[in-house]
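Trainee: what's the 3D shape of this:
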Amino acid sequence: MKRWLPLLALLFTAACGGPQSPSVALCGPGNRLRVGLVGALEGRTQGGAAVLPDSDQFRLKELLTVASRCEVQLEPVASPEQARRRLSTGDWDLAFLPPGLTAYALEQGGGYGLVRQLGRRSNSKSQLLVREASGLRTRADLRGKRLGLLPRGSLTGFYLPLFNLHGLRFSEVQYALSYADLREMLNDGRVDVIAWDGALPHGSPGLRMLYEDSHLIPLGALALSQPLLQSDHQPFLSQLDQNVSQLPPSLGYASGVIPEPYSLKELRGIVAAVEGWSLPRAGAPYTVYGAKKVASPAKEESR
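Mentor: I've put the predicted structure just below:
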C-alpha cells in the first residue's frame, strides 16, 4: 500500500484543485491524450513481452491523466515498426521513444519535438554477430547470406546494420522482436548473421562479433506532437518532473533534462538515408542499396 500513497496524494490534490494541479489541459483530438509507449529497452524483452508490467502501466496512465487533465489512451507497443507507423501518421500526441525512433520522429517534417531525455547511459553499440565456426570474417563475406534484424525503427537493430551493409546482397532477411530471439535464430542456423546491441552480453561461446559500428548511441526521448508543443505544455512537464519517482524506473525519465538535437544530427541523417532505400521484406532476397548520403566515420572495409 505504501508505494501507492504518493500517487494517491497526487490524485487527491488534483481533484481538490490544489497547487499541484495544472491550470490548463494538454489534450489531443477529442480531448484525449494519445500516448505511445516504446521506452528505452527496445529489443531487450524476450519474444515481444509487455513493454511495462500492468502495475507500472496503471501508475503511468494515472500520472499522465493528472498532469494533462485529459483522458489518456496509453498504447504500449513491443515492435518499433508499429511505433514508426504511428509516428509517421501522427497518431500519437506524446510518445516515450528509444534512440532510433527519436531520430525518426525528428524527421517527420517538424511534427514532433523532444522535451525530456529517457534512458540510461550504457556501452550500446550496433554490432554484427556470426557463429564462431562460420568462417565469416568481413562484411564482404556476408554476400548471399541470411540476415536477422529487429523491425524497422530500431537504431542498433535495423538502421545502423543496414547502413554498414550497404552494397551487399542477402539471400533473405528475417526479423525478430528481441535480440534474444535473434540470437536463437543464429544459434539454430536459421540465419548466418544478426544485428546486436553491444551493451548486451550475447551469452554464447559459439558466437563472435564480426563488426562493430563506431557511432555513439544517444539516449531516447519523450516527444510531443507539434500541436502540444505550441500549447502551454510546461505545467504538464512540471507535474512529471515533480513526480518523477512515480514514473517507471525503466523509462529513465530525466527530470528537467531537454535532449540535445545536435547529438542526433548524424544519426538522423543515417535514418533518413536508410528510410529512402527500398527496404527488406521478411523471407525475401534483398540488396542493401540506395543513395548513401551520409558518410560513416567508421573505417570502411574492402567489399
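
Trainee: What residues of stretch 90-98 count as buried?
Mentor: For stretch 90-98, the neighbour count (16 or more other C-beta atoms under 10 Å) marks G90, W92, D93, L94, A95, F96, L97, P98 as buried. (C-beta placed from N, C-alpha, C; glycine too.)

Trainee: Same question for stretch 208-224.
Mentor: 208, 210-211, 213, 215, 217-224.

Trainee: so can I have CSV of these showing pLDDT and secondary structure?
Mentor: Shown next, in CSV, are the buried residues of stretch 208-224 (pLDDT from 0 to 100; DSSP: H, G, I helix; E, B strand; the rest coil):
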residue, pLDDT, secondary structure
R208, 95, strand
L210, 97, strand
Y211, 98, strand
D213, 97, coil
H215, 93, coil
I217, 90, coil
P218, 89, coil
L219, 90, coil
G220, 92, strand
A221, 94, strand
L222, 96, strand
A223, 96, strand
L224, 97, strand
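
Trainee: and of the residues you listed, the nearest to Q108?
Mentor: Distance to Q108, by C-beta to C-beta, is smallest for A223 among the buried residues of stretch 208-224, at 9.5 Å.

Trainee: tell me the contacts of the closest one?
Mentor: L94, A95, L97, T102, A105, Y112, G113, L114, V115 (C-beta atoms under 8 Å, 6 or more residues apart in numbering).

Trainee: The second one reaches V51, doesn't it?
Mentor: Looking back up the chat, that one is A95. No: taking C-beta atoms under 8 Å as the definition, A95 is not a contact partner of V51, at 12.0 Å.

Trainee: Overlap of the contact sets of those two?
Mentor: L37, V38.

Trainee: If you count contacts, what does the helix or strand hosting L147 end up packed against?
Mentor: According to DSSP states H and E, L147 maps onto strand 146-149. Secondary-structure packing of strand 146-149 (3 or more C-beta pairs under 8 Å, 6 or more residues apart in numbering; DSSP states H and E): helix 160-164, strand 172-175, helix 179-187, strand 193-197.

Trainee: how far is the third one from where the chain is centred?
Mentor: On the basis of C-alpha atoms, centre = their mean, to the nearest Å, helix 179-187 sits 19 Å off its chain's mean C-alpha point.

Trainee: Helices of the stretch 151-300 of the chain, residue ranges please.
Mentor: According to DSSP state H, counting those that start in this stretch, the stretch 151-300 of the chain carries its helices in the segments 160-164, 179-187, 226-229, 234-242, 265-275.

Trainee: want to throw the buried residues of stretch 208-224 into CSV with distance to E71?
Mentor: CSV is the format used below for the buried residues of stretch 208-224 (distance: C-beta to C-beta, whole Å):
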residue, distance to E71
R208, 51
L210, 49
Y211, 47
D213, 42
H215, 40
I217, 35
P218, 32
L219, 30
G220, 25
A221, 24
L222, 19
A223, 20
L224, 17
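
Trainee: any idea which of those is the one closest to G269?
Mentor: Distances from G269 to these, taken by C-beta to C-beta, are shortest for H215, at 11.0 Å.

Trainee: Go ahead and confirm the closest one touches L267.
Mentor: Yes: with contact defined as C-beta under 8 Å, H215 reaches L267; the gap is 6.5 Å.

Trainee: ok so, going back, now mean neighbour count too, for the helices and strands packed on strand 146-149, in JSON lines please.
Mentor: As requested, these are exported to JSON lines (neighbours: other C-beta atoms under 10 Å):
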{"stretch": "helix 160-164", "mean neighbour count": "25"}
{"stretch": "strand 172-175", "mean neighbour count": "19"}
{"stretch": "helix 179-187", "mean neighbour count": "20"}
{"stretch": "strand 193-197", "mean neighbour count": "27"}
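
Trainee: out of the ones you listed, nearest to S231?
Mentor: helix 160-164 (34.7 Å).

Trainee: Quick check: mean pLDDT of that closest one?
Mentor: Helix 160-164 carries an average pLDDT of 97.

Trainee: about what we covered before: of the helices of the stretch 151-300 of the chain, which is nearest P80?
Mentor: helix 265-275 (11.6 Å).

Trainee: Now do the closest one: distance to the chain's middle.
Mentor: On C-alpha atoms, centre = their mean, the centre of helix 265-275 falls 14 Å from the chain's centre.

Trainee: Run through who's touching that helix.
Mentor: Taking C-beta under 8 Å, 6+ apart as the rule, helix 265-275 contacts 99-100, 103-104, 106-107, 155, 158-160, 162-163, 215, 218, 290-294, 296.
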